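A.B. asks: Could you work out the structure for the sequence below:
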Amino acid sequence: MKKYADGRFEAYGHVAITDLVFANQIGTSSVYYAQYQNLNIGITAKTISSVQHTANNSGVVWTGNASVSGIAMKGTILQYGSTSRSTDINYDVKGTWK
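C.D. replies: Predicted structure coming up:
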């Protein structure tokens with residue numbers, strides 16, 4: 001995490017999420033999604049200018065929406081098939097802390 005004197009910050013990191021449950025299917029597409037919540041970005045954000053996240057696991061996986069409120073990030077992970085897998089999340093959040 002980088003914190004600048006003018007009030008800006010950049011928070012970035014990598015976390016493995018092992019408890020995602022891909023139980024919600026989109027129509028009959030075999031595309032399932034799961035949400036993660038309360039991913040601690042390490043700083044309390046006053047404003048957010050950018051939120052990016054990527055996902056990796058042993059299947060076909062991609063990310064949906066993501067947002068940050070205060071110190072907590074939440075987002076959606078989509079994948080082909082319903083098998084629960086450990087999923088690595090990389091995130092990069094920019095905003096202001098003061």
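A.B. asks: What sits closest to the residue most central in space within the chain if chain neighbours are left out?
C.D. replies: Nearest to the mean C-alpha position of the chain, by CA atoms, centre = their mean, lies residue 75 at 4.5 Å. Excluding its sequence neighbours, the residue lying closest to residue 75 (CB to CB, 6 or more residues apart in numbering) is residue 66, at 3.5 Å. Bear in mind the C-beta positions are built from the backbone N, C-alpha and C, glycine included.
A.B. asks: and after the helix or strand encompassing that neighbour, which helix or strand comes next?
C.D. replies: If you go by DSSP states H and E, residue 66 is part of strand 61-69. Next along the chain after strand 61-69, taking DSSP H and E as the criterion, comes strand 72-80.
A.B. asks: Can you give me the buried ones in that next one?
C.D. replies: 73, 75, 76, 77, 78, 79 (16 or more other CB atoms under 10 Å).
A.B. asks: Closest one of those residues to residue 7?
C.D. replies: residue 73 (19.6 Å; CB to CB).
A.B. asks: follow-up on the earlier one: what helices or strands is the strand holding residue 66 leaning on?
C.D. replies: strand 47-56, strand 72-80, strand 87-96 (3 or more CB pairs under 8 Å, 6 or more residues apart in numbering; DSSP states H and E).
A.B. asks: Quickly note the distance from residue 35 to residue 78.
C.D. replies: 10 Å (CB to CB, to the nearest Å).
A.B. asks: and if you look at residue 45?
C.D. replies: For residue 45, the distance to residue 78 - CB to CB - is 25 Å.
A.B. asks: Over to residue 89?
C.D. replies: Where residue 78 is concerned, residue 89 sits at a distance of 13 Å (CB to CB).
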